[in-house]
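Q: fold the following, please.
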Amino acid sequence: MIEEPAAAEASLDPMRARLLAALAEPGSAAMLAARLGLPRQKVNYHLKELERHGLVELTEERRKGNVAERVYRATAASYVISPAALAAVSPDPARSPDQLSARWLLALGARLVQEVGSLLTGAARARQRVASFGIDARVRFASAADRAAFAEELSQAVTALVGRYHDESAPQGRDHRLVVGLHQIPAIPTTDPPAAAPAPTTDPSAPQED
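A: Numbers count the residues shown, from 1 in each chain. Presented below is the predicted three-dimensional model:
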């Protein structure tokens, strides 16, 4: 989880992102330069920047003749930039809550990333696991009316379930956050060529365009 603005900026550089991906397996500047077809000096510069921001770490230093070869690896298998990196302009779900607003759903998602990321960071330091639960489902509605009915039923079911288990007076209780989101799955762009236009008809009985 990347929370510092400077680290986020470093990770978004295209070349540094390539280096992070390549360093899923340990490698040196010379190895990465050969693999990615880049000058070694440039690779070495970017590795130092990534190391400065804690995105890669030194795993080994070995000598080859008079040259010290430094071997690095990425500090994580994957990275997510926390909304905390843009704290001044990050979306706030407390602002204009609206169950039917896509912007509010996005703000809920941003808060989810920030809070779970913070939990993961703390748990990693304490060598503990994070208690969590998730459901990912796909539903295809026949109509907008069906989607609205589904949302209403889901809202009632979640409200009843929360009311059944929520205990404000529990002395040893721990607060949890439940987020349920529903959104249309974005269409995947295709690279297929457009279909050819139909040939003009020569049938005199066919309707003609003005």
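Q: and residue 170, how far is that from residue 176?
A: 12 Å (Cβ to Cβ, to the nearest Å). In short, each C-beta sits where N, CA and C put it, glycine included.
Q: no no, residue 28
A: Counting by Cβ to Cβ - residue 28 and residue 176 are separated by 45 Å.
Q: more crowded one of those two?
A: Shown here are residue 28 and residue 176; by other Cβ atoms under 10 Å, residue 28 has more neighbours (22 against 10).
Q: point to the residue nearest the middle of the chain.
A: residue 80 (5.5 Å; Cα atoms, centre = their mean).
Q: surely that residue and residue 117 touch.
A: Yes - assessed by Cβ atoms under 8 Å, residue 80 is found in contact with residue 117 at 6.3 Å.
Q: shared neighbours of the two, anything?
A: residue 1 (Cβ atoms under 8 Å, 6 or more residues apart in numbering).
Q: so in this protein, which helix runs the longest?
A: helix 102-126 (DSSP state H).
Q: and that helix, how far from the chain's centre?
A: Put simply, helix 102-126 sits 10 Å off its chain's centre (Cα atoms, centre = their mean, to the nearest Å).
Q: could you point out the helix or strand that follows it?
A: helix 144-165 (DSSP states H and E).
Q: quick one: average confidence on that next one?
A: The average of the pLDDT scores along helix 144-165 is 96.
Q: CA atoms of that helix as PDB?
A: Taking Å, rounded to 0.1, in the frame of the first residue of the first chain, the C-alpha atoms of helix 144-165 are listed here in PDB:
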ATOM      1  CA  ALA A 144     -34.000  -1.200 -14.800                       C
ATOM      2  CA  ALA A 145     -37.100  -2.000 -12.700                       C
ATOM      3  CA  ASP A 146     -35.600  -5.400 -11.800                       C
ATOM      4  CA  ARG A 147     -32.400  -3.600 -10.800                       C
ATOM      5  CA  ALA A 148     -34.300  -1.200  -8.600                       C
ATOM      6  CA  ALA A 149     -36.200  -4.000  -7.000                       C
ATOM      7  CA  PHE A 150     -33.000  -5.900  -6.300                       C
ATOM      8  CA  ALA A 151     -31.400  -2.900  -4.700                       C
ATOM      9  CA  GLU A 152     -34.500  -2.400  -2.400                       C
ATOM     10  CA  GLU A 153     -34.500  -6.100  -1.300                       C
ATOM     11  CA  LEU A 154     -30.800  -6.000  -0.700                       C
ATOM     12  CA  SER A 155     -31.000  -2.800   1.300                       C
ATOM     13  CA  GLN A 156     -33.800  -4.300   3.500                       C
ATOM     14  CA  ALA A 157     -31.900  -7.600   4.000                       C
ATOM     15  CA  VAL A 158     -28.600  -5.800   5.000                       C
ATOM     16  CA  THR A 159     -30.500  -3.400   7.300                       C
ATOM     17  CA  ALA A 160     -32.200  -6.300   9.100                       C
ATOM     18  CA  LEU A 161     -29.000  -8.300   9.400                       C
ATOM     19  CA  VAL A 162     -27.000  -5.400  10.800                       C
ATOM     20  CA  GLY A 163     -29.800  -4.700  13.200                       C
ATOM     21  CA  ARG A 164     -29.700  -8.300  14.400                       C
ATOM     22  CA  TYR A 165     -26.000  -8.400  15.100                       C
END
